[in-house]
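Student: Quick one, what's the 3D model for this:
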Amino acid sequence: MVVCYFLLLVAAARTFLWPASAAFVVSLVPQQHFAYAVTWNTVTFQLASVIGPAVGGALLALFGHFCQSPAALCFFHQCYRQCNNSYARSFNKKESFRSKSRADDR
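Tutor: Numbering: from 1, shown residues only. This next block holds a predicted model:
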């Protein structure tokens, strides 16, 4: 049932997205390149509509249940990076403090 609500939400968002993006392209692209811009905009959307689910299916087939929540994977990856960066910063602060205190002793 959750999937049906999600699909309804996506369809409602796309209903407003297409006219807004079409109006946005007009203001971004010069008149002589407008036809090319519309073509590339449509092509990229169609390719993303085909390639995105294919890549998602391949990842799901390769990694199984672990890959069902890419947002969780991104979250844990970012937490891991943040922990490593904060450890490196604290280590560098200790080193810089030690080097300053040694320089003061001289």
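Student: Would you mind measuring the gap between the ends of stretch 26-41?
Tutor: Distance between the two ends of stretch 26-41: 12 Å, counting by CA to CA, to the nearest Å.
Student: Other residues contacting that stretch?
Tutor: Identification of contacts with stretch 26-41 by CB atoms under 8 Å, 6 or more residues apart in numbering yields 21-22, 25. The way it works is simple: take the backbone N, C-alpha and C, and place the C-beta from them, glycine included.
Student: among the residues you listed, who's most crowded?
Tutor: Val25 (14 neighbours; other CB atoms under 10 Å).
Student: Tally up the residues packed near Phe34, please.
Tutor: 13.
Student: Quickly find the element holding it.
Tutor: Assessed by DSSP states H and E, Phe34 sits inside helix 34-63.
Student: Domain map for this structure?
Tutor: Split into domains by automatic domain parsing, the chain comes to 1-68, 69-106.
Student: weakest of the ones you listed by average pLDDT?
Tutor: Per-stretch mean pLDDT for these is lowest at domain 69-106 (a mean of 62).
Student: Among the contacts of stretch 26-41, which are located in helices?
Tutor: 21-22, 25 (DSSP state H).
Student: With distance to Ala61 added, can I get those residues in CSV?
Tutor: CSV is the format used below for those (distance: CB to CB, whole Å):
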residue, distance to Ala61
Ser21, 32
Ala22, 36
Val25, 36
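Student: with those residues in mind, which one is nearest to Ser49?
Tutor: Distance to Ser49 across the ones in helices among the contacts of stretch 26-41 (CB to CB) is lowest for Ser21, with 14.3 Å.
Student: what's the spacing between the nearest residue to the closest one once chain neighbours are set aside and Tyr5?
Tutor: For Ser21, ignoring the flanking residues on the chain, the nearest one in space by CB to CB, 6 or more residues apart in numbering is Asn41 at 7.2 Å. Remark: distance between Asn41 and Tyr5 (CB to CB, to the nearest Å) = 29 Å.
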